[in-house]
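Enquirer: please work out how this folds:
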Amino acid sequence: MKIGVLALQGAFREHVDVLRRLGVDAEEIRLPEQLEGLDGLVIPGGESTTMMRLMGLYGLDDAIRAFDEPIFGTCAGMIVLDRERLGLIDLRVERNAFGRQVASFEAPVEIEGEAEPFTGVFIRAPWVAAAGPGVAILAEVDGHPVLAREGRILVASFHPELTDDTRVHERFLEIVREEQGVRA
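Expert: Now for the predicted structure:
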């Protein structure tokens, strides 16, 4: 399995490290042609306005829209995938919804299908302000959706790559395997 991690800015190295710990061939992606042959893509946290600007400059915005494999977006990655930006998941995301940098926090996240809570690291984190009918909300914090899936797209408003718990990345890899099975 070969997973790309968008490496324009933000927490991309941490995602690469988690994926490699899980035995996945993980590569840093900076150009559209590097999407070729990938089984999935992670769009990390960072600064969403900067990411969108850089994606536009390098042609990655259109390349990611055309990418047919599973995508996992965390924090800023969740923002850039929403209906107001790349339009790959039927969500409207509110930026910095939990507060500015000084309001960053950790909280237990009860994830659907998981017996134990996941420690979510929320840094200038967004939340789902509105979700379309095809979107499954998988976790909430204080009544706000923070983990969601629509088809091949998984998004989290927190940073799972900043913990030692690999369950959210494993869930993404399950989506990749599901999609590979569908195509086989």
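
Enquirer: going forward, measure contacts and count neighbours with C-alpha atoms only.
Expert: Fine.

Enquirer: buried residues, the longest helix along the chain. List them.
Expert: Using DSSP state H, we find that the single longest helix of the chain is helix 167-183. Residues of helix 167-183 classed as buried: 168-169, 172-173, 175-177, 179 (neighbour count, 16 or more other C-alpha atoms under 10 Å).

Enquirer: now pLDDT and distance to residue 95 too, for those, in TSV please.
Expert: Shown next, in TSV, are the buried residues of helix 167-183 (pLDDT from 0 to 100; distance: C-alpha to C-alpha, whole Å):
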residue	pLDDT	distance to residue 95
168	98	21
169	98	22
172	98	23
173	98	26
175	98	26
176	98	27
177	97	31
179	93	30
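
Enquirer: out of these, who's nearest residue 150?
Expert: Residue 150 has its nearest neighbour among the buried residues of helix 167-183 in residue 175, at 10.6 Å by C-alpha to C-alpha.

Enquirer: who's in contact with the closest one?
Expert: 70, 152 (C-alpha atoms under 8 Å, 6 or more residues apart in numbering).

Enquirer: now residue 95: how far from residue 2?
Expert: 30 Å (C-alpha to C-alpha, to the nearest Å).

Enquirer: which one of these two has more residues nearby?
Expert: The neighbour comparison of residue 95 against residue 2 (other C-alpha atoms under 10 Å) goes to residue 95, with 20 against 15.

Enquirer: report the secondary structure state of the residue nearest the centre of the chain.
Expert: For the chain, the residue nearest the mean C-alpha position is residue 73 (1.4 Å; C-alpha atoms, centre = their mean). Three-state assignment for residue 73 (DSSP: H, G, I helix; E, B strand; the rest coil): strand.
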